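[1] Starting from these lines, generate the structure:
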Amino acid sequence: MGRFIAILRTYSALLAGLARLPYPRFLLWNAAGGCLWALTFGWLGATFGSQWSLIARWARHVGVLILGLLVLVGVAVLLGWYRREHA
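    The predicted model follows:
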């Protein structure tokens, strides 16, 4: 599972060494994780690559929604600060 989590992927060899995991066992699990990672992301790329225009449209809508929410949160924070300072 460490292959799918960026920080664990980076430090998996170090953590395996600290845990004194035997090298053949680490090699087996690391290779299996690498194959599973490559197959998963290859499949996701092939599946969603053909739907790129749909994904781009949804991402644009979601991006606008997130931007709107961030603006609302920023306004709420500024109003709260203003009320505390001028109350």
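
[2] Could I get the CA-only coordinates of the worst-scoring helix or strand of the chain on mean pLDDT as PDB?
    Sorted by mean pLDDT, DSSP states H and E, the helices and strands of the chain end with helix 6-18, the least confident at a mean of 83. The C-alpha trace of helix 6-18 is given here as PDB (Å, rounded to 0.1, in the frame of the first residue of the first chain):
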ATOM      1  CA  ALA A   6       3.400   9.600  -1.700                       C
ATOM      2  CA  ILE A   7       5.200   9.900   1.600                       C
ATOM      3  CA  LEU A   8       5.300   6.200   2.200                       C
ATOM      4  CA  ARG A   9       6.500   5.600  -1.400                       C
ATOM      5  CA  THR A  10       9.400   7.900  -0.800                       C
ATOM      6  CA  TYR A  11      10.500   6.400   2.500                       C
ATOM      7  CA  SER A  12       9.500   2.700   2.000                       C
ATOM      8  CA  ALA A  13      13.000   1.400   1.700                       C
ATOM      9  CA  LEU A  14      14.200   3.400   4.700                       C
ATOM     10  CA  LEU A  15      11.200   2.200   6.800                       C
ATOM     11  CA  ALA A  16      11.800  -1.400   5.700                       C
ATOM     12  CA  GLY A  17      15.400  -1.200   6.700                       C
ATOM     13  CA  LEU A  18      14.500   0.300  10.100                       C
END
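
[3] contacts for it?
    Helix 6-18 is contacted from outside by 1, 2, 3, 26, 30, using Cβ atoms under 8 Å, 6 or more residues apart in numbering. Where you see a C-beta, it was placed from the backbone N, CA and C, and this is true even at glycine.

[4] What are the buried residues along that helix?
    By neighbour count, with 16 or more other Cβ atoms under 10 Å as the criterion, the buried positions of helix 6-18 are 9, 12, 16.

[5] Against residue 19, how distant is the second one?
    The span separating residue 12 from residue 19 equals 10 Å under the rule Cβ to Cβ, to the nearest Å.
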